[in-house]
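Novice: whatever this is, show me its structure:
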Amino acid sequence: MPHSSIIADFNNDCVGDLFLNLDKASPAMLFALLSSDKKVTYCLTDVSSTFLDELTGFVVADFNSDGLLDLAGYHA
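Specialist: Residues are numbered from 1 along each chain as shown. Purely as a prediction, here's the structure:
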């Protein structure tokens, strides 16, 4: 079960992509489903479960003004 999820167009193809924070998995993972015309790319990233346990959410914006969405985690 995902701890948090975000739908946004991360690869700028006008199709929604899905980001999941699977911090209850072992090991904890960040998981992205990047969709494009008729295919889906899966991206898995292992991270420290301690790191993910400290994050309370994620935000999406073009932080570096490159035209692509960026993802940032935060702790409130």
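
Novice: quick one: name whatever helix or strand follows the helix or strand of the chain with the lowest mean pLDDT.
Specialist: Across the helices and strands of the chain, mean pLDDT, DSSP states H and E gives its lowest value to helix 49-54, namely a mean of 62. Counting by DSSP states H and E, the next helix or strand C-terminal to helix 49-54 is strand 57-61.

Novice: buried set for that next one?
Specialist: For strand 57-61, a neighbour-count test (16 or more other C-beta atoms under 10 Å) marks F58 as buried. Just so you know, the C-beta spots here come from the backbone N, C-alpha and C atoms, and that holds for glycine as well.

Novice: contacts for it, please.
Specialist: Residues from elsewhere that reach strand 57-61, judged by C-beta atoms under 8 Å, 6 or more residues apart in numbering: 4, 6, 8, 10, 19, 21, 69-74, 76.

Novice: tell me the strands beside that strand, with direction?
Specialist: Strand 57-61 pairs in its sheet with strand 70-74 (antiparallel), by DSSP bridges.

Novice: now the strand it pairs with - C-alpha only, CSV.
Specialist: Listed next in CSV are the C-alpha coordinates belonging to strand 70-74 (Å, rounded to 0.1, in the frame of the first residue of the first chain):
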residue,chain,number,x,y,z
ASP,A,70,10.5,18.1,-10.4
LEU,A,71,9.6,16.2,-7.2
ALA,A,72,10.6,17.2,-3.7
GLY,A,73,9.9,15.5,-0.4
TYR,A,74,9.2,17.5,2.8
